[in-house]
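J.: Sequence first, then the predicted structure:
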Amino acid sequence: MLQSALINVMVKAARRAGRSLKRDLGEIENLQVSLKGPANFVSLADKRAEEMLLTDLTKARPGYGFIGEEGGVRAGDDKTHTWIVDPLDGTTNFLHGIPQFAISIGLQREGTLIAGVIYNPANDELYTAERGKGAFLNDQRLRVAGRRQLGDCVIACGLPHIGRGDHNLSRLEMTEIQNRVAGLRRFGAASLDMAFVAAGRLDGYWERNLQPWDVAAGQIIVREAGGIVSGIEGDDDPLKSGNVICGNEFVHAELVKILKPLGK
């Protein structure tokens, strides 16, 4: 598959940072047995990956702005372009040696997402999309699943944990969805949940209280695979609201219909 110069830049950066994370993942098992635990190590792995991404992306596209989970906002001379980057989405999975984590890179031009890359170095799955050019997993074109009955669907969600999110609302949402679907899943990495929707592995996904770097790349990948992405309201921008629902046209509409009233 011929990739554009832009996607090549993003893929190269993601793969280099991914090699670093994969090496670090190999150290996690040893760290599990120490009293101190692997938390500090993972924090360093996270920051090291972000610095690698910042270096590579800035070298290839000087002047672009950069928003990263670790380093925050770095303004660039080019005010029209901004990288939105999560160097390690699925940190808790990584911390426990669970191979469900990813590097997520989105590129925004004048407020519109134009390209996205999500890379899981543990299994070498690379999801890419560029506006108007489709979405791909490695060299395979992606398309969202076509199911039109919620009773046949497998849906993913986020789950709030200690000190985070509205636990009562989450339980209410899960109860409503569980009664209508074939299966409910919680994998622990928002970017990969969205990538799985794009690949047709999941029929839909929703989560609240996310950050722009969690959903930027996934948003364009799902849309380029023929899916619909919004916030819980159905017409809001996940980058601004921090909430996301995605799926094919039918699943998205059904999830909005169920979830929107619960948050009122």
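T.: Alright, I've got the coordinates.
J.: drop to CA atoms for contacts and neighbour counts, all remaining ones
T.: Fine.
J.: Val73 sits in which helix or strand?
T.: Using DSSP states H and E, Val73 falls within strand 72-74.
J.: packing partners for that strand?
T.: Applying 3 or more C-alpha pairs under 8 Å, 6 or more residues apart in numbering; DSSP states H and E, we find strand 72-74 packed against strand 64-68.
J.: related to what we said a few turns ago, now the strand holding Val73: how far from the chain's centre is it?
T.: 19 Å (C-alpha atoms, centre = their mean, to the nearest Å).
J.: Roughly how far does the residue most central in space within the chain sit from Gly151?
T.: Nearest to the geometric centre of the chain sits Ser191, at 1.4 Å (C-alpha atoms, centre = their mean). Between Ser191 and Gly151 the distance is 25 Å, computed by C-alpha to C-alpha, to the nearest Å.
J.: which residues of the protein fall in strands?
T.: Secondary structure of the chain by DSSP state E: the strands cover 64-68, 72-74, 78-89, 102-109, 112-120, 125-130, 135-137, 140-141, 154-157, 183-185, 204-207, 228-230, 244-247.
J.: Just name the most buried of those strands.
T.: Of all the strands of the chain, strand 244-247 has the most neighbours on average by mean count of other C-alpha atoms under 10 Å, namely a mean of 30.
J.: what are the pairing partners of it, and which direction each?
T.: strand 204-207 (antiparallel), strand 228-230 (antiparallel) (DSSP bridges).
J.: just so I know, which of these lies nearest Leu113?
T.: strand 228-230 (12.3 Å; C-alpha to C-alpha).
J.: any residues touching the closest one, and which ones?
T.: Contacts to strand 228-230, defined as C-alpha atoms under 8 Å, 6 or more residues apart in numbering, come from residues 219, 222-223, 236-238, 243-249, 252.
J.: ok, Phe196 touching Leu202?
T.: Yes. Counting by C-alpha atoms under 8 Å, Phe196 does reach Leu202; the two are 5.5 Å apart.
J.: about what we covered before: Provide a ChimeraX selection command restricted to the buried entries of the contacts of strand 228-230.
T.: Per 16 or more other C-alpha atoms under 10 Å, the buried members of the contacts of strand 228-230 correspond to this ChimeraX selection:
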select :219,222,223,237,238,243,244,245,246,247,248,249,252
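J.: I am finished for the moment; much appreciated.
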